[in-house]
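Trainee: Sequence first, then the predicted structure:
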Amino acid sequence: MSVILSILLGVLVVFLITAVTGYFVAQEFGFVAVDRSRLKARAAAGDTTARRVLDITARTSFMLSGAQLGITVTGLLVGYIAEPLIGSGIGELLGGVGVPTGTGVAVGTVAALLFSTVVQMVFGELFPKNLAIARPEPVSRWLALSTGVYLRVFGWVIWLFDRASILLLRAVRITPVEDVQHAATPRDLERIVEESRDSGDLPAELSTLLDRTLDFHERTAEHAMIPRPQVTSVDAGAPVSHVVELMTATGHSRFPVLADIETVSGVVCLRDILALGDRDLTATRVADVARRAVLVPTSLPLPALLAQLRAADDQFACVVDEYGGLAGVVTTEDIAEELVGEIADEHDPQDESRPRVSDNGDWLLPGALHVDEVERLLGHDLPEGDYETIGGLVIAHLRRLPHPADRVTIALPRHPGADEADPDWTVVLTVENVDRHVPETVRLELRETPHTARTEVNA
């Protein structure tokens with residue numbers, strides 16, 4: 001009976017020590033996986049437990065060293081307890097039924113090691129690890145107080161081991177870090193938004209807004225500007241009465257003023273003309289009332305462009321290309337449209353400038369529509385290249401200026417995480433009509449294609 005009690009006591013002790021191992025494993029994964037932004041919000045609201053968790057996560061390296069120390073010590077204790085209590089007891093039981101002593105001890109030792117290893121792996125490692133990853137916040141909150149006490153009591157031992165590892169890292173020219181980097185890259189955020197939209201957790205409108213917000217910092221003035229061919233400009237030597245006629249005809253209140261065919265000398269605004277009062281507008285030159293223009297390069301990022309407009313207390317900037325000529329103009333409305341999409345007003349065309357679906361399900365797209373907006377419509381990436389618009393994509397693949405009815409078939413790049421069984425896709429782009437030698441309207445048809453499809457051009 002005493003032998004059986006010894007085995008049972010050994011089993012009980014193994015499970016108790018394994019529970020302690022699981023405690024340290026839960027520490028190791030729970031505090032690393034917990035959402036710190038949520039904890040910071042709760043701590044700001046007065047949650048003391050959240051504050052304790054944040055204090056521990058602020059010293060991630062030290063906490064991990066303490067958890068590893070606990071896991072190592074408890075693992076050694078299991079081996080130290082299992083063999084004399086369980087292994088020897090099994091050996092004695094086998095000896096009582098005629099098994100040689102040596103064989104019984106060997107079998108008992110192997111059985112004790114197998115039992116303790118299985119218990120440690122399942123209950124001490126895998127279960128607490130998966131629990132901490134699945135429920136990091138409840139686990140970390142539950143462990144916060146005891147972990148803080150443990151780190152304070154055994155901090156000196158943990159510091160010795162942690163310091164030794166730091167010295168080893170520095171010996172091989174690696175800079176140690178105390179905390180784990182939790183910041184997500186823009187690519188990570190894009191993937192999260194895409195997966196949330198596909199799963200239905202995020203509304204399509206909100207996911208599009210978030211997608212545009214993530215792209216905003218990468219966009220430049222060239223991407224948001226109204227291009228030069230669509231800009232109405234006035235000559236510096238023209239009479240102000242001519243500007244009034246243009247404002248009446250177009251509905252615009254600002255025009256870039258050109259000293260010659262390309263050089264920007266200023267901007268003429270409606271309020272400056274109104275300030276002239278009763279002066280003869282026919283005898284007054286535009287150069288006399290034009291104000292200084294906000295000039296920006298085509299490569300200026302949109303956040304910097306917005307900051308420059310705010311600093312100048314203006315809403316209108318002239319975009320200059322690398323050769324010094326006028327590339328286009330950009331307004332605060334154009335910048336806002338990069339975030340929220342097209343903003344309609346009474347001066348915008350009702351149909352021609354907007355994507356629409358034809359009777360057979362194809363897209364009818366304005367040639368000036370930006371490639372990123374087309375990608376959002378399709379839910380697929382288009383090939384990258386030296387172009388900004390869907391019309392530019394057509395011209396790049398035609399390798400010449402287009403004619404009505406020109407068609408290109410373009411294989412879309414596969415998603416990086418696509419499975420081999422997932423289909424490939426192509427788009428068929430047909431030029432509906434041409435304006436100023438470039439596509440004005442493009443018909444887009446999305447097709448599912450074999451994996452071996454290649455880009456084709458049919459003129």
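Mentor: That came through fine.

Trainee: Could you use CA atoms for every contact and neighbour count after this?
Mentor: Will do.

Trainee: Need the residues that contact stretch 324-333.
Mentor: For stretch 324-333, contacts defined as C-alpha atoms under 8 Å, 6 or more residues apart in numbering pick out 221-222, 224-229, 231, 262-264, 298, 306, 315-321, 343.

Trainee: same question but for stretch 423-434, I mixed them up
Mentor: Identification of contacts with stretch 423-434 by C-alpha under 8 Å, 6+ apart yields 394, 402-412, 414, 439-451, 453.

Trainee: could you flag which of those are buried?
Mentor: Buried members of the contacts of stretch 423-434, scored by 16 or more other C-alpha atoms under 10 Å, are 394, 402-412, 414, 439-446.

Trainee: Just the ones of these in helices?
Mentor: Counting by DSSP state H, those place V394 in helices.

Trainee: Any idea which residue is closest to the centre of this protein?
Mentor: L189 (2.3 Å; C-alpha atoms, centre = their mean).

Trainee: Look up how far T389 lies from the closest residue in space to that residue that isn't next to it in sequence.
Mentor: Spatial nearest neighbour of L189, excluding adjacent residues (C-alpha to C-alpha, 6 or more residues apart in numbering): L214 at 8.0 Å. Applying C-alpha to C-alpha, to the nearest Å, the value for L214 to T389 is 19 Å.

Trainee: So for these two, which sits in the more crowded spot?
Mentor: Of the pair L214 and T389, T389 is the one with more neighbours under other C-alpha atoms under 10 Å, namely 19 against 16.

Trainee: What residues does that one make contact with?
Mentor: Contacts of T389 by C-alpha under 8 Å, 6+ apart are 367-371.

Trainee: if we can go back for a sec, three-state assignment of the residue nearest to L189?
Mentor: For L214, the secondary-structure state derived from DSSP: H, G, I helix; E, B strand; the rest coil is helix.

Trainee: Surely it and I192 touch.
Mentor: No - L214 sits out of contact with I192 when judged by C-alpha atoms under 8 Å, with a separation of 11.7 Å.

Trainee: circling back to that earlier point, for the helix or strand harbouring the residue nearest to the centre of the chain, which positions count as buried?
Mentor: Per DSSP states H and E: L189 is located in helix 186-199. Residues of helix 186-199 classed as buried by neighbour count (16+ other C-alpha under 10 Å): 190, 193-194, 197.

Trainee: hang on, the earlier thing: now intersect the contacts of stretch 324-333 with the helices, please.
Mentor: 221-222, 224, 306.

Trainee: Report the two of the residues you listed separated the most.
Mentor: Using C-alpha to C-alpha, the ones in helices among the contacts of stretch 324-333 span at most 13.5 Å, a distance reached by E222 and L306.

Trainee: which stretches of the stretch 101-250 of the chain have low pLDDT?
Mentor: Applying pLDDT under 70 to the stretch 101-250 of the chain flags the ranges 101-105, 107-108, 177-188.

Trainee: Okay, strands next: where are they in it?
Mentor: For the stretch 101-250 of the chain, the strands defined by DSSP state E, counting those that start in this stretch occupy 226-227, 234-235.

Trainee: now for the first one, which elements pack on it?
Mentor: Spelled out, it's strand 226-227. The contact analysis (3 or more C-alpha pairs under 8 Å, 6 or more residues apart in numbering; DSSP states H and E) places strand 226-227 against strand 326-331.

Trainee: got the buried residues for whatever helix or strand comes next after the strand it packs on?
Mentor: Downstream of strand 326-331, the first helix or strand assigned by DSSP H and E is helix 332-340. Of the residues in helix 332-340, 332, 334-335, 338-339 count as buried by neighbour count, 16+ other C-alpha under 10 Å.

Trainee: can I get these in CSV with pLDDT?
Mentor: Listed next are those as CSV, based on pLDDT from 0 to 100:
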residue, pLDDT
T332, 91
D334, 90
I335, 91
E338, 87
L339, 85
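
Trainee: just these now: which is nearest G124?
Mentor: L339 (49.5 Å).

Trainee: Report the contact partners of the closest one.
Mentor: 209, 212-213, 216.

Trainee: Now compare the residues you listed and name the two farthest from each other.
Mentor: L209 and F216 (10.4 Å).

Trainee: on that earlier part again, go ahead and build a ChimeraX selection from the buried members of the contacts of stretch 324-333.
Mentor: Paste this into ChimeraX to select the buried members of the contacts of stretch 324-333, with burial taken from 16+ other C-alpha under 10 Å:
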select :221,222,224,225,226,227,228,262,264,298,306,315,316,317,318,319,320
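
Trainee: And the contacts of stretch 41-50?
Mentor: In this structure, residues lying in contact with stretch 41-50 by C-alpha under 8 Å, 6+ apart are 39-40, 51, 141, 144-145.

Trainee: Go again with 10 Å.
Mentor: 36-40, 51-55, 137, 140-145 (C-alpha atoms under 10 Å, 6 or more residues apart in numbering).

Trainee: Over that stretch, what's the mean pLDDT, rounded is fine.
Mentor: Averaged over stretch 41-50, pLDDT sits at 87.

Trainee: Okay, buried residues for it please.
Mentor: Under the neighbour-count criterion of 16+ other C-alpha under 10 Å, stretch 41-50 has 43, 49-50 buried.

Trainee: With stretch 292-304 instead?
Mentor: For stretch 292-304, burial by neighbour count (16+ other C-alpha under 10 Å) applies to 293-302.

Trainee: can you point me to the longest helix in this protein?
Mentor: For the chain, the helix reaching the highest residue count under DSSP H is reported as helix 2-33.

Trainee: Could you identify the helix or strand that succeeds that one?
Mentor: Going down the chain from helix 2-33, the next helix or strand is helix 36-44, by DSSP H and E.

Trainee: Let's have the strands of the stretch 101-250 of the chain in TSV, adding distance to A249.
Mentor: Below are those laid out as TSV (distance: least, C-alpha to C-alpha, whole Å):
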stretch	distance to A249
strand 226-227	18
strand 234-235	14
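
Trainee: what's the domain layout of the chain?
Mentor: The record assigns the chain these domain ranges, following automatic domain parsing: 2-171, 186-215, 221-340, 356-458.

Trainee: Nothing else from me, thank you.
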